[in-house]
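Q: Give me the fold of what follows.
(2 chains)
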There are 2 protein chains.
Amino acid sequence: MAPSHLFGKGLFYYLMVSQKRGTHLNDSVGLVTTEYADFAEDLRLESGRLLGPLTIAYERYGTLNSDGSNAILVTHAWTGDAHAAGFHSEEDRKPGWWDNMIGPGKVLDTDRFFVLCSNTIGSCKGSTGPTSINPKTKRPYRLSFPALMVRDMVRAQKRLIDQLGINSLLAVVGGSMGAMQALEWGIHYPERVRSIIPIAGTGRTSPMSIALNSLARQAIYNDPLWKKGNYRLEHPPADGLALARAVGHISFLSDASMQLKFSRRFSVRDGMFDFFGKFEIERYLDYNGSNFVGRFDTNSFLYLAKALDLYDVAWNFDSLSEALDRLDCPSLWFAFSSDWLYPPQQPEEVVNELQRLNKPVDYHLIQSDYGHDSFLVEPEKFVPILKDFLDEQAG
Amino acid sequence: MAPSHLFGKGLFYYLMVSQKRGTHLNDSVGLVTTEYADFAEDLRLESGRLLGPLTIAYERYGTLNSDGSNAILVTHAWTGDAHAAGFHSEEDRKPGWWDNMIGPGKVLDTDRFFVLCSNTIGSCKGSTGPTSINPKTKRPYRLSFPALMVRDMVRAQKRLIDQLGINSLLAVVGGSMGAMQALEWGIHYPERVRSIIPIAGTGRTSPMSIALNSLARQAIYNDPLWKKGNYRLEHPPADGLALARAVGHISFLSDASMQLKFSRRFSVRDGMFDFFGKFEIERYLDYNGSNFVGRFDTNSFLYLAKALDLYDVAWNFDSLSEALDRLDCPSLWFAFSSDWLYPPQQPEEVVNELQRLNKPVDYHLIQSDYGHDSFLVEPEKFVPILKDFLDEQAG
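A: A predicted model of the protein is given here:
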């Protein structure tokens, strides 16, 4: 069943215009296509509600080997999507979001590994979310979409793995919300996962992180165009969503990275004493916020923010210890020194508990000035460790 | 000249209903009155613009001694006011904002010292600001009010000190924006200041701090009621201002203080899977944001945010060193370990330069979980040091 919404397949089909390989494609997996898997059966969510039928958008790179032992699942962050590597067309200048990690000869080496990335449910990038048509009403779900937890995203993803005939994942690897998914995979499907690699993650989001998301939410709620989620898709609450994105953007950066990039420079276009005069950091946030509006749905943004806020690996367990005791595979953790959204103490809480439980766990605190975004910006700082770990897991 | 605006003298006169001393007044300076000083002459601002006439709201506690040597100036933060200690009426249950510091037997001991606190220009608490009447148009300034720097606030304050016949200040002490004012006093009026005590301050605001203020600004600009500053005072852009305040509030707290106070507790009134369900930290931010709307003017909030963003002690000097070399008195600095708005490295940059210049400087990094707000929440952690320092200065 093709979902009929703004951010779905249409865009990908549109971009799939050529199979010819441009020179800028040489250092990548090349031209790729987003695929869609449909699931008729309802999914029971943590909330008790049912969601179905489901569509899951995904991309795959490399080849599954004969014994099905070389599959790596890449899990994406808040506003990420299934398009993790390669290009959608020859004209496409922007590769997938983790193209520096995935491809021939790269750490997630598509000459060796079969790499899979799927869009989480609740998102607006091809998988079932608030912009999808509710089959019961024949209209978009909007706020009638059920609240999700990260655990639900993983549960849906599991169906895709089943359908693709992948019995065992060599690794589940992802940053931020992707790290949460990796941990949930390890805990809830221990028989299917041979290692997990949570990067810039946390065992549960902190009140600081919830507080920042609450600013983002309120920014959207304050926008008269939001209309309690009933905005027209072509007239989204742009000002509110741009501001909400700016909140997120600040939390992904760090004091040090802003100093490096912008310092206290004032915009050359403005007078310093003009009431509306701006510093360069402000222009940057404005630009990124506005830019985001065209590429992400507001309700999806809110549903995923809520999933982040609700994230607690110990949810529905008696304790963190009980949850983590289910993990049955080696885990490799990376935290970044300047990450103030999920500061190192947060993954360390999980790592310490895993050590106490005598689980095989490897933790690296990476010195980086790029805040939470370090996992996207400075992969070279952790890639060698990740490569060794994968080699070891692959045997 | 009486300024005619919502947040001016009227409220104070209204509250000045009784001179009788209630029992809750015993541990304070008792009943106090906000006074107003008028200055006919224009003030030349850093921007080159003229502002005048000026009114400055202030309060004084204790008695100036015969040789005028016991005056301490207290400088307030962003949304502070002249009412630093005591009560405005017997019914008044909330004392001034630094009442735990100022009073008989307290560290700023009104039995020994003459303590003065004035509202900064640009504010809405009795001193000339965007809600004041522009004498040229007979209408409120609103956005025709000139942009201010902290240096301008101090320049205006200097007139008050002159008018009150105070030749020498034993100390200028304040937190946050108050710390900036203390430093400016020491640098621009070295002949009038015998010590400065900047608490939770910085030598220049960071791009992170500017970025957070830009969220606050945008929250207000997005509110249709703002009308580019031409809102009716009785219909302020309440949603925008409340959100702007929430941004500030988060930056004044810390991860640790939020953990202590709210943890991940969900509001008992909400369902966890309700779309609009809230964590307690969110309810707290909502409450404080809404509460703020009734007590602060939106345009003033924006002008003061801009003054904070523009703050750089080296402004109009060739270097930080040249600026600090003008300081001719001992300085006592406090920073707080969990302050992420003006983290310890920021005051330390100034302190290090003062040391390099062989200035008498004393710096204390206080371990506290209460973030930037520590200077208001945990005075007991620095008060003993401050007391010794004042004793030494007072001789």
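
Q: can you pull the contacts of A:Ala71?
A: Listed by CB atoms under 8 Å, 6 or more residues apart in numbering or on different chains, the contact set of A:Ala71 reads A:64, A:113-116, A:166, A:168-170. (Glycine included, C-beta is placed from N, CA and C.)

Q: What's the separation between it and A:Val172?
A: Plainly put, A:Ala71 is 10 Å away from A:Val172 if you go by CB to CB, to the nearest Å.

Q: do the same with A:Ser47
A: Applying CB to CB to A:Ser47 and A:Val172 gives a distance of 24 Å.

Q: What is the neighbour count of A:Pro224?
A: Neighbour count for A:Pro224, taken as other CB atoms under 10 Å in any protein chain shown: 13.

Q: quick one: it and B:Pro224 touch, right?
A: Yes: at 6.2 Å, A:Pro224 counts as touching B:Pro224 under the criterion of CB atoms under 8 Å.

Q: and the closest residue to A:Gln157 other than its chain neighbours, how many residues sit next to it?
A: Distance criterion CB to CB, 6 or more residues apart in numbering or on different chains; nearest residue to A:Gln157, sequence neighbours excluded, is A:Ser118 at 5.6 Å. Residues near A:Ser118, counting by other CB under 10 Å, number 32.

Q: A:Ser118 against A:Lys158, yeah?
A: No: A:Ser118 is beyond contact range of A:Lys158, at 10.4 Å (criterion: CB under 8 Å).

Q: Now for chain A: which strand has the highest residue count?
A: Ordering each strand of chain A by length in residues (DSSP state E) puts strand A:54-61 first.

Q: Distance of A:Leu143 relative to chain B?
A: 5 Å (CB to the nearest CB, to the nearest Å).

Q: residues contacting the residue nearest to that residue when sequence neighbours are not counted?
A: Spatial nearest neighbour of A:Leu143, chain neighbours left out: A:Gly229 (4.0 Å); criterion: CB to CB, 6+ apart. Shown in contact with A:Gly229 (CB under 8 Å, 6+ apart): A:130, A:142-143, A:298-299, A:302.

Q: Next: A:Lys227.
A: With contact taken as CB under 8 Å, 6+ apart, A:Lys227 is in contact with A:Pro237.

Q: Ramachandran coordinates for it?
A: With angles defined as degrees, to the nearest 10, A:Lys227 sits at phi 50, psi 50.

Q: what do you get for A:Ser118?
A: phi -120, psi 150.

Q: The residue most central in space within chain A in helix, strand or coil?
A: Among the residues of chain A, the one closest to the centroid is A:Ala77, at 1.6 Å (CA atoms, centre = their mean). Secondary structure, DSSP: H, G, I helix; E, B strand; the rest coil: A:Ala77 is coil.

Q: Skipping adjacent residues, who's closest to it in space?
A: A:Ser176 (3.9 Å).

Q: quick one: pLDDT of that neighbour?
A: Looking at A:Ser176, its pLDDT is 98.

Q: Looks like it contacts A:Ala200 (just checking).
A: Yes: using CB under 8 Å, A:Ser176 is in contact with A:Ala200, at 5.4 Å.

Q: Where in chain A is the helix or strand with the lowest mean pLDDT?
A: helix A:9-15 (a mean of 34; mean pLDDT, DSSP states H and E).

Q: Next, report how far the helix or strand just after that helix is displaced from the centre of its chain.
A: Next along the chain after helix A:9-15, taking DSSP states H and E as the criterion, comes strand A:35-39. Distance, stretch centre to chain centre, for strand A:35-39: 19 Å (CA atoms, centre = their mean, to the nearest Å).

Q: strands paired with strand A:35-39, and their directions?
A: Sheet pairing of strand A:35-39 (DSSP bridges) gives strand A:54-61 (antiparallel).

Q: In chain A, where is pLDDT below threshold?
A: A:1-24 (pLDDT under 70).

Q: list the contacts for the residue located most distally from the centre of it?
A: Relative to the centre of chain A, and counting by CA atoms, centre = their mean, the farthest-placed residue is A:Phe273 at 40.4 Å. By CB under 8 Å, 6+ apart, the contact list for A:Phe273 reads B:46-49, B:146-147.

Q: Among the contacts of A:Gly229, the buried ones, what's the PyMOL command?
A: Listed next is the PyMOL selection for buried residues among the contacts of A:Gly229, using 16 or more other CB atoms under 10 Å in any protein chain shown:
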select buried, chain A and resi 130+142+298+299+302
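
Q: In helices only, show me the contacts of A:Gly229.
A: Mapping the contacts of A:Gly229 onto helices (DSSP state H) picks out A:298-299, A:302.

Q: So which residues on the stretch 151-300 of chain A come close to chain B?
A: Neighbours of chain B within the stretch 151-300 of chain A, by CB under 8 Å from any CB of the partner chain: A:204-208, A:210-212, A:214-215, A:218-219, A:222-224, A:239-240, A:243, A:246-247, A:250, A:253-255, A:258-259, A:262-264, A:272-275, A:278-279, A:281-282, A:285-286.

Q: Tell me the buried residues within the residues you listed.
A: Buried among those (16+ other CB under 10 Å): A:204-208, A:210-212, A:214-215, A:218-219, A:222-223, A:239-240, A:243, A:246-247, A:250, A:253-255, A:258, A:262, A:264, A:272-273, A:275, A:278-279, A:281-282, A:285-286.

Q: For A:Leu365, give its distance to B:Leu51.
A: Applying CB to CB to A:Leu365 and B:Leu51 gives a distance of 51 Å.

Q: more crowded one of the two?
A: B:Leu51 (22 against 15).

Q: list the contacts for the more buried one?
A: Applying CB under 8 Å, 6+ apart, the residues near B:Leu51 are B:42-43, B:45, B:121, B:128, B:145-146, B:152.

Q: Now which of those residues would you call buried?
A: B:43, B:45, B:121, B:128, B:145-146, B:152.

Q: For chain A, just list every one of the helices.
A: A:9-15, A:150-163, A:177-188, A:207-221, A:238-252, A:255-261, A:280-293, A:298-310, A:320-324, A:345-356, A:374-377, A:383-394.

Q: Tell me which of those helices sits most buried.
A: Highest mean neighbour count among the helices of chain A (mean count of other CB atoms under 10 Å in any protein chain shown): helix A:177-188, with a mean of 27.

Q: Which strands or helices does that helix pack on?
A: Helices and strands touching helix A:177-188, by 3 or more CB pairs under 8 Å, 6 or more residues apart in numbering or on different chains; DSSP states H and E, are strand A:71-75, helix A:150-163, strand A:171-175, strand A:196-199, helix A:298-310.

Q: can you list the residues that contact the last one?
A: Contacts to helix A:298-310, defined as CB under 8 Å, 6+ apart, come from residues A:7, A:78-79, A:120, A:122-124, A:129-131, A:142-143, A:145, A:147-150, A:152-153, A:177, A:180, A:205, A:209-210, A:213, A:216-217, A:220, A:226, A:229, A:231, A:236-237, A:240-241, A:244-245, B:272, B:275, B:279.

Q: what does stretch A:371-379 give?
A: A:97-98, A:100-101, A:107, A:175-176, A:199-200, A:251-254, A:256-257, A:334, A:336, A:338-342, A:366, A:368, A:370, A:381-382.

Q: one step back: let me know the closest of the contacts of A:Gly229 to chain B.
A: Nearest to chain B among the contacts of A:Gly229, counting by CB to the nearest CB, is A:Leu143 at 5.4 Å.

Q: Fine by me, we can end here.
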